[in-house]
Each structure stands twice: as C-alpha cells, then as structure tokens.
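K.L.:
let's see this in three dimensions:
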Amino acid sequence: MDAGQEFIRYQAAEPNARGARIGIFGLANALAGEGVLSREDYEWWRSSNTWYNDAYPDPSITHPSVYDRGIHPYAQAWFKTSAGHLLAKIPGYLELLTRYGVRWEESRSSDPGRVLYMDDVQVVVDPYR
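P.N.:
Prediction:
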C-alpha cells in the first residue's frame, strides 16, 4: 500500500453469524431484499446503487475470486479517502440504515489488511484478525 494512504469503511456495528462485518451496501441491499423499505426509500436505494455501479469498478469482474467465501471468507472493501466523489453519497446510505434501525460504524485505517485487490478508489483486503 502507498505510504500515507488512508482508507475508510462503513460496516455493521456487529459481526454476523460467520464473524464478518457486512458493509453498508450489503446492509442496504438486505433491507431492500427483505421488502422493508418504503417506496421512496426503495427508489432512492435502487438509483443510488445504479450510480455506484456506474461510478467505479466492481473488483469481482476482473478478479472473480476476490469475494469467494471459500478462498477469502472475510474480504472487505474499503474506499480510499481520496475518493471524495464516492464518499459524498455515503451519508444517504447511513441515514437509510439508521432510519431502519440498522447499527453501523465507521472505520479508518492506513493498513486494513492483506491486499487482495486495489484500484484508484478502493482496496479489497483480507482484514487482520
């Protein structure tokens, strides 16, 4: 990793049954999948996910094993703090999660784990445990 580079991640406040902390996109997707979002929140979630899907690379397309639970069961994506355009829309996700009672936390690190993938705006790591 670049010296002095800082990373930020928003994730579940508590680990799931597997011991992993799900990121806020996964948490929001779960709410949508459970059908609990209001129509307005669902439409916001859908358009925001589409925006993010178009705004930066999906590591699993170029590196299919990066999120393979059999190989990397705890893989986590972290944004580079320099990715301001991506971070600017995060508060909407945090507000959505809070509105539906989903507890989340913010983590920052200059070394979040063993790097599995990196591009201009993010890193996917196997976190240190």
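
K.L.:
next SSE downstream of the helix or strand of the chain with the lowest mean pLDDT?
P.N.:
Ranked by mean pLDDT, DSSP states H and E, the weakest helix or strand in the chain is helix 59-62, scoring a mean of 93. Next helix or strand after helix 59-62 toward the C-terminus (DSSP states H and E): strand 76-80.

K.L.:
and the contacts of that following strand?
P.N.:
Applying CB atoms under 8 Å, 6 or more residues apart in numbering, the contact partners of strand 76-80 are 5-9, 11, 20-21, 23, 59, 86-87, 109, 112-113, 120-125, 127. C-beta coordinates here come from the backbone N, C-alpha and C atoms, glycine included.

K.L.:
now go through those residues and say which are in helices.
P.N.:
59, 86, 87 (DSSP state H).

K.L.:
now the buried members of these.
P.N.:
The neighbour count (16 or more other CB atoms under 10 Å) marks 59, 86 as buried among those.

K.L.:
redo the ones in helices among the contacts of strand 76-80 as JSON lines? Include distance to residue 70.
P.N.:
Converted to JSON lines, the ones in helices among the contacts of strand 76-80 look like this (distance: CB to CB, whole Å):
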{"residue": "59", "distance to residue 70": "17"}
{"residue": "86", "distance to residue 70": "29"}
{"residue": "87", "distance to residue 70": "31"}
